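[1] here is a sequence together with a model predicted from it:
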Amino acid sequence: MSRVGIEAMNVFGGSAVLDVEALAQHRGLDLPRLENLLMREKTVALPFEDPVTFGANAARPLLDRLSAEEKDSIELLITCTESGIDFSKSTSTYLHDQLGLSRNCRMFELKQACYAGTAGFQMACNFILSQTSPGAKALVIATDISRYLLEDGDEAAAQEWAYAEPSGGAGAVAMLISDTPHVFQLDVGASGYYGYEVMDTCRPAPDSESGDVDLSLMSYLDCCEQSYRAYEKKVAGADYRDSFQYLAFHTPFGGMVKGAHRTMMRKVAKTKGAEIAEDFERRVMPGLEYCGRVGNIMGATVFLSLASTVCNGGFDAPRRLGCFSYGSGCCSEFYSGVVTPDGAARLKEMAIGAHLDGRYRLSLDEYDRLLSDRDFIRFGTRDAAVDQDLVAATGNGSGPRLVLREIRNYHREYAWVG
């Protein structure tokens, strides 16, 4: 048995969104520089949202489509995040409970910066391929929030954060992994991976981020080339320009992907000029549509790009996608798979674009108030009542939504609303 991949997937891009150009003008940023981000909007996590609510809201529409028997066949739940809410307890336990999964289920959490989603996906695929439990499914949920706190008076950090702020997003991608890969059939064994220790970005504390922007860019470019070179060694006849009808990248921001693709076309495909620009528009831009409306959601971002490619590309025939995943620190992987017309149709049924269209549009005053009021819950909070004022206002009638209600003695308590 060698068929494995994504049976179904869904994206939850949050309840609220902020216009990036308006934010840049509000902050007095250099607009030409901002254009390089290729960002239109960014998801803003509200006080009642956290990695658990994002993950559950991405996964529930998938599970609601399953029969009771199919749901009980989920024997592995992997949460992939660098926004964990406990140094010990996995967010998978909360998700397992809120999604009503069988108690005969392994559950754990993975952390490897923005590579974590791919790590979870590959681990789940190998569980299915192992046939240790024939007929079993796995649920992989990549969920993250880039919502960092700045200490008062830290001008250097504030300046560094100014241009990271427009691209930082929040959200989740949920994927059902099985031997019936309707949406994305993995090319088994066709993976090149590459990694080494580098201090490009890190989270020295759960609510803050530090890093070297230039070093991160160079590491990303290096890993993109070298992981693809490793892929070529695994796959006879692989060609960066001709083997893949589309390319899905981990997308910190669109300009970074554009630069990486340009470098790959020059160094690997030996092309230049107008051909590179045309190739970018045709093979890469479909995957940046959703990324430019949500922002960087770490381990979920490469799958946000994959979903965007499938929903915005042309799939009148089976198409092969090349995927590049990168996580700071660092680890990277280039892998591939096939999407069929049926798979594209199935994913479009999830109406991801309509969900993004229906999010509550925050005013700049509301956004600044969210930052200054510190209403969101800091890591390690023991007891808290969570502000629910925006819950009703941000519902778009798309179905049940999980929200965080309160924390009692460190235990997070949630409720489904709507």
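    In hand now; what should we look at? Computed from a predicted model, the values in this text were never measured in an experiment.
[2] show me where the stretch 51-200 of the chain has its helices.
    Assigned helices in the stretch 51-200 of the chain, in chain order: 51-63, 68-72, 91-98, 116-130, 155-164 (criterion: DSSP state H, counting those that start in this stretch).
[3] out of these, the one nearest Val198 is which?
    Val198 lies closest to helix 116-130 among the helices of the stretch 51-200 of the chain, at 16.8 Å (CB to CB). All C-beta spots, glycine's among them, are computed from the backbone N, C-alpha and C.
[4] quick revisit: and Ala238, which of the helices of the stretch 51-200 of the chain is closest to it?
    The closest of those to Ala238 is helix 116-130. By CB to CB, the value is 18.3 Å.
[5] that closest one: which residues count as buried?
    Neighbour-count burial for helix 116-130, counted by 16 or more other CB atoms under 10 Å, picks out 116-125, 127-129.
[6] what are the bridge partners for the nearest residue in space to Ala113 that is not next to it in sequence, then?
    Distances taken as CB to CB, 6 or more residues apart in numbering place Gly327 nearest to Ala113, at 3.5 Å, with adjacent residues excluded. When bridges are called by DSSP bridges, Gly327 pairs up with Cys331.
[7] cool, and the one 10 residues further on?
    As for beta bridges, Gly337 partners with Leu186, Leu321 under DSSP bridges.
[8] that one against Val310, yeah?
    No. Using CB atoms under 8 Å, Gly337 is not in contact with Val310; the gap is 10.7 Å.
[9] which neighbours do the two have in common?
    Phe184 (CB atoms under 8 Å, 6 or more residues apart in numbering).
[10] those two: who's more crowded?
    The neighbour comparison of Gly337 against Val310 (other CB atoms under 10 Å) goes to Val310, with 27 against 24.
[11] am I right that that one sits in a strand?
    No. Secondary structure assignment places Val310 outside any strand; it is helix (DSSP: H, G, I helix; E, B strand; the rest coil).
[12] so it touches Glu349, yeah?
    No. The pair Val310 and Glu349 does not pass the contact test of CB under 8 Å, sitting 11.6 Å apart.
[13] name the residues contacting each of those two.
    Counting by CB under 8 Å, 6+ apart, Val310 and Glu349 have no common neighbour.
[14] please identify which helix or strand holds the nearest residue to Phe184 once chain neighbours are set aside.
    Nearest residue to Phe184, sequence neighbours excluded (CB to CB, 6+ apart): Ile6, at 4.1 Å. Applying DSSP states H and E as the criterion places Ile6 in strand 5-12.
[15] then the next helix or strand after that strand to CSV, C-alphas only?
    Downstream of strand 5-12, the next assigned helix or strand under DSSP H and E is strand 16-19. Extracted in CSV, the C-alpha atoms of strand 16-19 (Å, rounded to 0.1, in the frame of the first residue of the first chain):
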residue,chain,number,x,y,z
ALA,A,16,-11.3,39.1,12.7
VAL,A,17,-9.1,40.7,10.1
LEU,A,18,-7.2,44.0,9.7
ASP,A,19,-6.3,45.9,6.5
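[16] so which elements touch the next helix or strand after strand 16-19?
    Downstream of strand 16-19, the first helix or strand assigned by DSSP H and E is helix 20-27. Applying 3 or more CB pairs under 8 Å, 6 or more residues apart in numbering; DSSP states H and E, we find helix 20-27 packed against helix 31-35, strand 41-43, helix 364-373.
[17] return the most buried member of the ones you listed.
    Comparing the helices and strands packed on helix 20-27 by mean neighbour count (mean count of other CB atoms under 10 Å), strand 41-43 comes out on top with a mean of 26.
[18] parallel or antiparallel, which strands does it pair with?
    Partners of strand 41-43, by DSSP bridges, with direction: strand 16-19 (antiparallel).
[19] who touches the strand it pairs with?
    Applying CB under 8 Å, 6+ apart, the contact partners of strand 16-19 are 40-44, 46, 293, 356, 359-362, 364, 367, 390, 394.
[20] in CSV, please show the C-alpha coordinates belonging to the one helix or strand Gly343 maps to.
    Using DSSP H and E, Gly343 maps to helix 341-348. Output of helix 341-348 as CSV, limited to C-alpha atoms (Å, rounded to 0.1, in the frame of the first residue of the first chain):
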residue,chain,number,x,y,z
PRO,A,341,-9.9,17.6,-10.4
ASP,A,342,-12.0,15.7,-7.9
GLY,A,343,-9.6,16.7,-5.1
ALA,A,344,-9.8,20.3,-6.1
ALA,A,345,-13.6,20.2,-6.1
ARG,A,346,-13.7,18.6,-2.7
LEU,A,347,-11.5,21.3,-1.1
LYS,A,348,-13.5,24.0,-2.8
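[21] average pLDDT across that helix?
    In this model, helix 341-348 has a mean pLDDT of 98.
[22] give the buried residues for the helix or strand containing Phe324.
    Using DSSP H and E, Phe324 sits in strand 319-327. By neighbour count on 16+ other CB under 10 Å, the buried set for strand 319-327 is Arg319, Leu321, Gly322, Cys323, Phe324, Ser325, Tyr326, Gly327.
[23] by how many degrees do that strand and helix 341-348 diverge?
    Angle, strand 319-327 to helix 341-348, by axes from the mean of the first three to the mean of the last three CA atoms, to 10 degrees: 50 degrees.
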